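Colleague: Fold the stuff below for me.
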Amino acid sequence: MKRIYVVGTADTKGEELAYLAACIEAAGGGVVRVDVGTREPATAVDVNARTVAACHPEGVAAVLACDDRGRAVEAMGIAFSRFLAERQDIAAVIGIGGGGGTSIITAGMRQLRLGLPKIMVSTLASGDVAPYVDVSDIVMMPSVTDMAGLNRLSRVILHNAAQAITAMASRPAEVAASKPALGLTMFGVTTLAVAAMVERLRADYDCLVFHATGTGGRTMEKLADSGLVCGVLDITTTEVCDLLLGGVLPATPDRFGAIARTGLPYLGSVGALDMVNFWAPETVPGHYAGRQFYRHNPNVTLMRTTAAECTQIGRWIGEKLNLCHGPVRFLIPERGVSALDIEGGAFFDPQADAALFAALEATVKPTAARRIVRLPLHINDPQFAEAAVAAYRDIANP
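Modeller: I've put the predicted structure just below:
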């Protein structure tokens with residue numbers, strides 16, 4: 001029987017933890033009370049902090065014997081993540097916390113599969129929650145008052161949170177099982193290409209398109225790691241530019257890592273590798289003064305990558321592709337890599353593109369499964385979409 005995990009630091013939030021669990025039980029949900037505090041709990045729990053801490057790779061002492069609070073919180077977050085990964089009876093997870101508790105609990109929540117209900121009632125929920133949510137589907141719910149004992153407002157907030165998580169757990173969404181899912185990456189400047197591919201694939205696949213803004217690529221790879229997509233058409237790899245050159249929409253160093261780990265069929269390309277993203281013009285770092293820029297809108301400034309930078313980007317991607325031992329096809333559109341990189345366009349630069357393509361070809365080690373294919377086309381040409389879909393179908397159905 002799956003149950004709702006109710007998580008908090010029972011040493012400092014014991015009263016709130018007990019009340020929240022009682023509200024869930026009153027609504028018909030089965031609960032498991034989990035303590036992620038570092039001192040003696042102030043309420044009864046089902047899983048004590050020592051049990052959670054024992055999941056840390058260096059053992060209980062790495063968590064509970066740590067004198068530095070920041071390090072202890074980080075260590076408990078690692079332990080809680082591993083604790084949740086071992087559980088097979090989770091219907092949903094709800095947490096309560098201030099700064100430390102929110103950090104610990106969301107660290108574990110982020111490791112859970114997408115779609116599993118997760119609510120974090122937090123004193124931090126009305127601010128910038130990106131570090132806590134990242135690319136997960138955690139619902140951040142403001143606690144409004146601090147968690148220093150129950151009061152007339154906190155009782156209402158916790159009651160509402162209990163009703164929400166109980167409903168989520170008791171009525172899970174029906175997952176359509178008719179078509180396998182594909183992950184695709186797109187940017188505004190590659191929309192024509194990806195939209196055409198989706199149109200050609202939608203009869204056979206559920207196409208999940210991700211905006212290549214850093215979080216988009218990470219989300220797609222999280223789905224790949226989770227086994228929720230059967231393959232990837234990574235047409236827009238532009239997040240690598242921001243990672244290597246200091247843009248504001250970067251990939252992480254683990255970009256392409258999920259493809260290497262899973263061996264999923266992978267069709268990639270060089271979409272929007274002609275640009276680095278910054279916010280308004282005044283946010284562009286001073287060392288880029290004098291470069292070629294394009295004002296996408298008042299809040300987004302694009303910088304054209306140079307031939308030297310394209311060489312660096314091509315080598316970086318090539319080394320990552322060499323770690324992928326599943327079926328890989330990487331397509332090079334020789335006539336331009338984005339809507340701006342076209343004859344007459346703001347970023348048209350055949351020399352920079354040639355450097356990118358040469359670096360990829362010099363770095364990637366071709367095998368029977370891994371190949372680079374040049375096409376005398378622009379990335380947004382209809383024929384490029386046709387070739388990409390054909391190449392994907394070839395590696396997905398050998």
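Colleague: would you list every one of the helices in this protein?
Modeller: 14-26, 49-53, 61-64, 69-86, 99-109, 130-133, 152-170, 191-201, 215-225, 239-245, 257-262, 307-322, 350-363, 382-396 (DSSP state H).
Colleague: nearest to Gly271, of those helices?
Modeller: Taking CB to CB, helix 191-201 is the member of the helices of the chain nearest to Gly271, at 7.0 Å. (Glycine included, C-beta is placed from N, CA and C.)
Colleague: Buried residues of the closest one, list them for me.
Modeller: Neighbour counts using 16 or more other CB atoms under 10 Å place 192-198, 200-201 of helix 191-201 among the buried residues.
Colleague: now do stretch 273-281
Modeller: 273-278.
Colleague: hmm, back to that, closest one to Lys2 among the helices of the chain?
Modeller: Across these, Lys2 has its closest neighbour in helix 152-170 (7.6 Å, CB to CB).
Colleague: any idea how far that closest one is from the chain center?
Modeller: Centroid displacement of helix 152-170 relative to its chain, using CA atoms, centre = their mean, to the nearest Å, is 27 Å.
Colleague: what does stretch 280-290 give?
Modeller: In this view, stretch 280-290 has its centroid 28 Å away from the chain centroid, taken as CA atoms, centre = their mean.
Colleague: Can you measure across that stretch, start residue to end residue?
Modeller: Counting by CA to CA, to the nearest Å, you get 16 Å between the two ends of stretch 280-290.
Colleague: And for stretch 317-336?
Modeller: Criterion CA to CA; first-to-last residue distance in stretch 317-336 is 18 Å.
Colleague: Check stretch 38-54 too.
Modeller: With CA to CA as the measure, stretch 38-54 spans 13 Å from end to end.
Colleague: What residues of that stretch count as buried?
Modeller: Per 16+ other CB under 10 Å, stretch 38-54 contains these buried residues: 38, 41-43, 45, 47-49, 52-54.
Colleague: Just name the closest of the buried residues of stretch 273-281 to Arg155, please.
Modeller: When these are compared against Arg155 (criterion: CB to CB), the nearest one is Asn277, at 45.0 Å.
Colleague: in the sheet, who's paired with the closest residue to Gly30 other than its chain neighbours?
Modeller: Once flanking residues are discounted, Gly30 sits nearest to Arg3: 4.1 Å by CB to CB, 6 or more residues apart in numbering. Per DSSP bridges, the residues bridged to Arg3 are Ile90.
Colleague: sorry, back to before: I'd like the buried residues of stretch 38-54 laid out as JSON lines, including pLDDT and distance to Thr237.
Modeller: Formatted as JSON lines, these follow (pLDDT from 0 to 100; distance: CB to CB, whole Å):
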{"residue": "Thr38", "pLDDT": "86", "distance to Thr237": "43"}
{"residue": "Pro41", "pLDDT": "93", "distance to Thr237": "48"}
{"residue": "Ala42", "pLDDT": "91", "distance to Thr237": "51"}
{"residue": "Thr43", "pLDDT": "94", "distance to Thr237": "50"}
{"residue": "Val45", "pLDDT": "97", "distance to Thr237": "46"}
{"residue": "Val47", "pLDDT": "98", "distance to Thr237": "42"}
{"residue": "Asn48", "pLDDT": "97", "distance to Thr237": "46"}
{"residue": "Ala49", "pLDDT": "97", "distance to Thr237": "43"}
{"residue": "Val52", "pLDDT": "98", "distance to Thr237": "39"}
{"residue": "Ala53", "pLDDT": "98", "distance to Thr237": "40"}
{"residue": "Ala54", "pLDDT": "98", "distance to Thr237": "41"}
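Colleague: how much space between Ala352 and Gln312?
Modeller: To Gln312, Ala352 is 12 Å away according to CB to CB, to the nearest Å.
Colleague: Comparing the two, which shows the higher neighbour count?
Modeller: Comparing Ala352 with Gln312 by neighbour count (other CB atoms under 10 Å), the higher total belongs to Ala352, at 23 against 19.
Colleague: Model confidence for Cys66, exactly?
Modeller: At Cys66, the pLDDT value in this model is 88.
Colleague: for it, what are its contacts?
Modeller: 38, 72, 75 (CB atoms under 8 Å, 6 or more residues apart in numbering).
Colleague: how about JSON lines for these, with distance to Gly345 added?
Modeller: JSON lines is the format used below for the contacts of Cys66 (distance: CB to CB, whole Å):
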{"residue": "Thr38", "distance to Gly345": "57"}
{"residue": "Ala72", "distance to Gly345": "54"}
{"residue": "Ala75", "distance to Gly345": "51"}
